[in-house]
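Asks: missing the sequence, but the structure's below:
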Ligand code: NAD
C-alpha cells in the first residue's frame with residue numbers, strides 16, 4: 001500500500017521539467033501532496049504535470065529571477081493557501097572549463113541557479129508561509145562534486161559546496177520556528193545529464209563508452225548500484241517528511257558510497 005506522508009501538504013519542486021524533478025513530483029502526488037511544479041520551459045513542465053495528473057500543477061518560473069520566484073510562491077499560496085515543503089532541485093552544470101579557462105559568465109550563471117536561487121526560493125517560502133505557520137521543510141540538492149571537487153567544474157563544485165553551508169545556516173535560523181532544512185548530496189544518478197557527461201568525456205578520452213563507464217565507477221563501493229533518480233527521490237521524500245522530524249542541517253549522501261573513498 002502506498003504511504004500517504006504528504007496528505008494535505010503543499011510542495012514546490014523547482015526545475016521540475018526534466019530528470020529528477022518530474023519523478024519527485026510524481027512520487028509526492030502519489031503520497032497525497034499538492035505539487036507546484038516550477039520550470040522555465042512552460043510547455044515541458046505542463047506536459048509533465050498533465051501526465052502526473054491529480055494535484056500536480058505547472059507554473060513557469062526562472063528561479064534566478066526575484067519576480068518569478070515571488071510569482072511562483074504566490075501561485076502556490078493563491079491556489080492552496082500554504083507551502084509546507086520546498087525542493088530546491090533546479091540546477092545547471094555550467095560548462096566544462098579548467099580554472100585557467102574559467103569565465104566570470106560561466107561562474108556567475110552557475111552560482112545564480114545552484115546557490116542564489118536556493119536562497120531566494122527559501123526566503124520567499126519562509127516569509128510568505130512557513131515562518132507564520134511555524135512548520136515546513138526545505139530540501140536542497142547538492143552534489144558529491146561539492147565534497148571532493150570535479151576537474152573542470154570549479155564553478156559547479158564550489159556552488160554545490162556552498163549549498164551545504166547555506167543549508168546549515170538556514171537550519172540554525174529557522175529551527176526555532178519548527179522548520180527544517182536539509183541537503184541531499186547525490187553522486188552519479190542515471191539521468192540524461194549524467195549520460196551526456198559520460199559520453200562527452202569518453203569521446204574526449206577516445207575510449208569506448210562502456211570502458212570509460214566501468215573505469216569511472218570502479219572506485220565506488222556499491223559498484224553495481226549507481227543511484228537511479230528514484231533512489232535519490234526516496235531519500236528526498238524521507239527528508240521532507242515528518243519521519244525526519246528531528247533531522248535538520250544535515251547533508252546526506254546518496255552515492256553508492258563513492259564520496260567515502262574519495
Ligand atoms: P536536470 O538538468 O535534468 O534538472 C535540473 C533542472 O533545473 C532542469 O530541468 C533545468 O532546466 C532546471 N533549471 C536550470 N536553470 C533553471 C532556472 N534558472 N530556473 C528554473 N529551472 C532551472 O538534472 P537532474 O539530473 O534532474 O538533477 C537534479 C538535481 O540533482 C540537481 O540539483 C543536480 O545538480 C543534482 N545532481 C544530479 C546529478 C546527476 O548525476 N544527474 C548528480 C549530482 C547532483
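Replies: Great, that's in hand. Remember, predicted model here, so these are calculated numbers, not experimental data.
Asks: can we go C-alpha only for contacts and neighbour counts from here?
Replies: OK.
Asks: Which pLDDT value belongs to the residue nearest the centre of the chain?
Replies: In the chain, the centroid-proximal residue (CA atoms, centre = their mean) is residue 89; its distance is 2.3 Å. Looking at residue 89, its pLDDT stands at 98.
Asks: Residue 86: what's it in contact with?
Replies: 11, 12, 13, 121, 122, 125, 137, 138, 139 (CA atoms under 8 Å, 6 or more residues apart in numbering).
Asks: Now do stretch 56-71, average pLDDT.
Replies: Rounded mean pLDDT across stretch 56-71 is 98.
Asks: That one: end-to-end distance?
Replies: 17 Å (CA to CA, to the nearest Å).
Asks: what sits opposite the residue lying closest to residue 232 once chain neighbours are set aside in the beta ladder?
Replies: Closest residue to residue 232 apart from its sequence neighbours, by CA to CA, 6 or more residues apart in numbering: residue 254 at 6.3 Å. Note on residue 254: beta-bridge partners residue 186, judged by DSSP bridges.
Asks: who touches the residue nearest to the centre of the chain in this structure?
Replies: When contacts are counted by CA under 8 Å, 6+ apart, residue 89 touches 13, 14, 15, 16, 20, 21, 140, 141.
Asks: Now for those: which two are most distant?
Replies: 16 and 140 (13.8 Å; CA to CA).
Asks: ok, these two, which is more surrounded?
Replies: residue 16 (30 against 27; other CA atoms under 10 Å).
Asks: so that one touches residue 41, yeah?
Replies: No. With contacts counted by CA atoms under 8 Å, residue 16 stays clear of residue 41, the gap being 9.5 Å.
Asks: Need the overlap of contacts for these two.
Replies: In contact with both residue 16 and residue 41: no residue, using CA under 8 Å, 6+ apart.
Asks: need the residues of the stretch 101-250 of the chain near the ligand, please.
Replies: 113, 141, 142, 143, 186, 187, 188, 189, 191, 193, 194 (CA under 6 Å from any ligand atom).
Asks: Looking at those, which is nearest residue 228?
Replies: residue 189 (5.4 Å).
Asks: Isn't that closest one up against residue 233?
Replies: No. Residue 189 lies out of contact with residue 233 (CA under 8 Å); the separation is 10.7 Å.
Asks: Find the residues that touch each one of the two.
Replies: With CA under 8 Å, 6+ apart as the test, residue 189 and residue 233 reach no residue in common.
Asks: for residue 138, phi and psi?
Replies: Backbone torsions for residue 138, taken as degrees, to the nearest 10, come to phi -120, psi 130.
Asks: ok so, going back, would you list the residues of the stretch 101-250 of the chain next to the ligand in a markdown table and tack on secondary structure?
Replies: Formatted as a markdown table, these follow (DSSP: H, G, I helix; E, B strand; the rest coil):
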| residue | secondary structure |
| --- | --- |
| 113 | helix |
| 141 | strand |
| 142 | coil |
| 143 | coil |
| 186 | strand |
| 187 | coil |
| 188 | coil |
| 189 | strand |
| 191 | coil |
| 193 | helix |
| 194 | helix |
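Asks: Show the buried residues in the residues you listed.
Replies: Buried members of these, counted by 16 or more other CA atoms under 10 Å: 113, 141, 142, 143, 186, 187, 188, 189.
Asks: Nearest spatial neighbour of the second one, chain-adjacent residues omitted?
Replies: What sits nearest to residue 141 in space, not counting adjacent residues and going by CA to CA, 6+ apart, is residue 184, at 5.0 Å.
Asks: how far away is the residue lying closest to residue 229 once chain neighbours are set aside from residue 209?
Replies: Distances taken as CA to CA, 6+ apart place residue 20 nearest to residue 229, at 5.6 Å, with adjacent residues excluded. Separation of residue 20 from residue 209 (CA to CA): 23 Å.
Asks: which one of those two has more residues nearby?
Replies: Higher neighbour count among residue 20 and residue 209: residue 20, with 22 against 17, using other CA under 10 Å.
Asks: Can you give me the distance of that one to residue 107?
Replies: For residue 20 relative to residue 107 (CA to CA), the value is 24 Å.
Asks: cool, residue 65 as well?
Replies: In terms of CA to CA, residue 65 sits 17 Å off from residue 107.
Asks: Done for today, thanks.
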